[in-house]
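pasted the sequence and its predicted model underneath.
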Amino acid sequence: MTQTHASSSLLFALRQRLYRLWAAIARPIFRSLPIATPEVLSGDQSLDSAIARLAESGYRRPVVITDNVFVTLPVFGRLIDALERYQLTYSVFSDIVPDPDFTLIEAGISHCRQHQFDSVIAIGGGSSIDATKVINGCAHNQINPRKIVGLLKLRKKGAFFVAIPTTAGTGSEATAAAVITDEQSHQKKVVVSLSVVPDLAVLDASLMMGLPPAITAATGMDALTHAMESYLSRFATAETDAMNLASIKRIFTYLPRAFSQGQHDVEARQEMALASHQAGVTFTRTSVGWVHAIAHQLGARYGVPHGLANAMVLPHVLAFYLPFASARMAQMADAIGIEGDSDQHKAEALVNAVTELCQTLAITPELTMLKEADLESMSDNIISETYRSPYPVPGYFDSQGQLQQFLRGMMA
């Protein structure tokens, strides 16, 4: 072993030891911290009920935040009709794009201030809701969005916040986190604050009926990743366990239906909306793990949509966890009716079940976009994100080289 290699190994071991100490300190805090959750309006006509609630509460000047595709869809017209019916003086900011960056956030902040807003309505996918979390808090409190990256740096709530997800996957309407891209470093930055949780969440399956199968699949696998990483988290509680097992069962039952017949299956859409929301509630407390750390790199470097990235990575990380978490994985297997004569066999069958679900959804869990030249910097960013957050993962890589080899194993 060369002196340089030995020094690198010692540094890696030190980083991991410090991370484990940080995670151990954070565990009782995360498990007992009061977590805000939004009031939920669910089912048919819940969008109309949310606008009625907004008007009845005295809010008159909402800003609607969404993307420029969603504003062309018929379901957006339903929202506008409701706003006009209640005579609200609204404005629309429709510049949200996937993986929004700080330049876009700053434009949204300026738009809200110019409208003299008193409330915000985020409607769309996770990018629209995440962006609104940061836009709202910063516009209302006159804060530079680049200064709130990290843990609990935004301490003041924004204006009244209605979140209307139109996909069943991110759970962003329930979480205390937002992911924004730094356009200079091309890295994803995470804002974690209890003050960004929406006040009101609308789970209306009728808004999701027109989702294409590919988006249904990717966002549904995003929800499954949230539930599984939350269940395997060292910060998990009895309450989050129960919610996560219920979400995992729902997703295995209803996601194939939503994928294959989502334009007609209202029950599947509503059940997926509930599963996504509950997984969002749970991972707010428990955090996530290696799947998300890797997926964030795929999004930042190669533009892979977050849900799809999670789907491609999840089976591989579950296989990596087998030596560390077979008992917990067996419990997830039990929830979806997998039988086996030992925890190890059931855990292995769970990995196969997730791979088969990906195949049913026309997702191939291979990272063909990865480039060998990127692996060193990627692996460093993955480890840094996992250790700093902290992500309370059940198993660890022995070295950065082992992580790089793991990434190579997903390439073909």
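Looks like it arrived, so ask away.

ok now stretch 214-227, how far from the chain's centre?
9 Å (CA atoms, centre = their mean, to the nearest Å).

may I see the buried residues of that stretch?
Within stretch 214-227, the residues that count as buried by 16 or more other CB atoms under 10 Å are 215-227. Quick note: C-beta positions are derived from backbone N, CA and C, even for glycine.

equivalent analysis for stretch 206-214, please.
206-209, 211.

with stretch 174-191 instead?
174-181, 188-191.

greatest separation within the residues you listed: which pair is it?
Ala174 and Thr181 (21.9 Å; CB to CB).

doesn't Met272 make contact with Arg250?
Yes. The criterion here is CB atoms under 8 Å, and Arg250 meets it with Met272 at 7.1 Å.

quick one: which of those two has more around it?
Neighbours were counted for Arg250 and for Met272 using other CB atoms under 10 Å; Met272 has more, 32 against 25.

so is the more buried one in a helix, a strand, or just coil?
Here Met272 is helix, with the state taken from DSSP: H, G, I helix; E, B strand; the rest coil.

how about the residue nearest to it when sequence neighbours are not counted, secondary structure?
Leaving aside its chain neighbours, Met272 sits nearest to Ala168 (3.8 Å; criterion: CB to CB, 6 or more residues apart in numbering). Following three-state DSSP, we place Ala168 in the coil state.

all strands for the stretch 151-300 of the chain, in order.
160-165, 177-182, 187-192, 200-203 (DSSP state E, counting those that start in this stretch).

of all the ones you listed, which lies closest to Pro365?
That would be strand 187-192 among the strands of the stretch 151-300 of the chain, by CB to CB, at 21.1 Å.

ok, that closest one: who's next to it in the sheet?
Using DSSP bridges, the strands paired with strand 187-192 are strand 150-151 (parallel), strand 177-182 (antiparallel).

can you tell me what sits against it?
When contacts are defined by CB atoms under 8 Å, 6 or more residues apart in numbering, strand 187-192 is touched by residues 99, 133-134, 145, 148-154, 176-182, 296, 299-300, 381, 385, 389.

tell me the confidence at the residue nearest the centre of the chain?
Of all residues in the chain, the one closest to the mean position by CA atoms, centre = their mean is Thr170, 4.1 Å from it. Confidence at Thr170, expressed as pLDDT, is 94.

Ala311 is in contact with Ile215, isn't it?
No. Ala311 is beyond contact range of Ile215, at 11.8 Å (criterion: CB under 8 Å).

gap between the lowest-mean-pLDDT helix or strand in the chain and the chain center?
In the chain, the helix or strand scored least confidently by mean pLDDT, DSSP states H and E is helix 3-32, which has a mean of 76. From the chain centre to the centre of helix 3-32 is a distance of 25 Å (CA atoms, centre = their mean).

re earlier: could the strands of the stretch 151-300 of the chain go into TSV alongside distance to Ser9 and mean pLDDT?
Putting those into TSV (distance: least, CB to CB, whole Å; pLDDT from 0 to 100) gives the following:
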stretch	distance to Ser9	mean pLDDT
strand 160-165	45	98
strand 177-182	30	91
strand 187-192	26	88
strand 200-203	47	98
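
switch these over to TSV; also include distance to Met329.
Formatted as TSV, these follow (distance: least, CB to CB, whole Å):
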stretch	distance to Met329
strand 160-165	28
strand 177-182	25
strand 187-192	26
strand 200-203	29
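
I'd say Met209 and Ala258 touch.
No. Checked against CB under 8 Å, the pair Met209 and Ala258 is beyond contact range at 9.7 Å.

so for Pro98, what's the nearest residue that isn't a sequence neighbour?
Ser127 (5.2 Å).

residues contacting the one you found?
Ser127 is in contact with 67, 96-100, counting by CB under 8 Å, 6+ apart.

just the element for it, please.
helix 126-141 (DSSP states H and E).

now that helix - C-alpha only, CSV.
Coordinates of each C-alpha in helix 126-141 appear next as CSV, following Å, rounded to 0.1, in the frame of the first residue of the first chain:
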residue,chain,number,x,y,z
GLY,A,126,-42.2,18.3,-7.2
SER,A,127,-40.1,21.0,-8.9
SER,A,128,-43.0,23.5,-8.7
ILE,A,129,-43.7,22.8,-5.1
ASP,A,130,-40.0,22.8,-4.1
ALA,A,131,-39.4,26.1,-5.9
THR,A,132,-42.4,27.6,-4.2
LYS,A,133,-41.1,26.6,-0.7
VAL,A,134,-38.0,28.7,-1.3
ILE,A,135,-39.7,31.5,-3.3
ASN,A,136,-42.4,32.0,-0.6
GLY,A,137,-40.2,32.0,2.4
CYS,A,138,-37.6,34.3,0.9
ALA,A,139,-40.1,36.7,-0.8
HIS,A,140,-42.2,37.1,2.4
ASN,A,141,-39.1,37.6,4.7
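
max pairwise distance over the contacts of Ser127: which two?
Spatial extent of these (CB to CB) is set by the pair Asp67 and Asp99 at 11.7 Å.

and the nearest residue to Ser287 once chain neighbours are set aside, how far is that from Trp290?
Leaving aside its sequence neighbours, Ser287 sits nearest to Tyr391 (CB to CB, 6+ apart; 5.5 Å). As judged by CB to CB, to the nearest Å, Tyr391 and Trp290 stand 7 Å apart.

where in the stretch 1-150 of the chain is pLDDT low?
Within the stretch 1-150 of the chain, the stretches with pLDDT under 70 are 1-7.

could you rerun that using 90?
Applying pLDDT under 90 to the stretch 1-150 of the chain picks out residues 1-36, 44-45, 98-99, 150.

which ones are touching His264?
Residues near His264 by CB under 8 Å, 6+ apart: Met209.

give me the pLDDT for it.
Looking at His264, the pLDDT reads 96.

residues near the closest residue to Glu183 other than its chain neighbours, how many?
The spatial neighbour of Glu183 that comes closest, neighbours along the chain excluded (CB to CB, 6+ apart), is Asp101 at 4.1 Å. Using other CB under 10 Å, Asp101 is surrounded by 17 other residues.

surely the residue nearest to the centre of the chain is in contact with Ile129?
Yes. Counting by CB under 8 Å, Thr170 touches Ile129, with 7.0 Å between them.

buried residues in stretch 354-369, which are they?
Neighbour-count burial for stretch 354-369 [16+ other CB under 10 Å]: 354-355, 357-358, 361, 363, 365, 367.

fine by me, thanks again.
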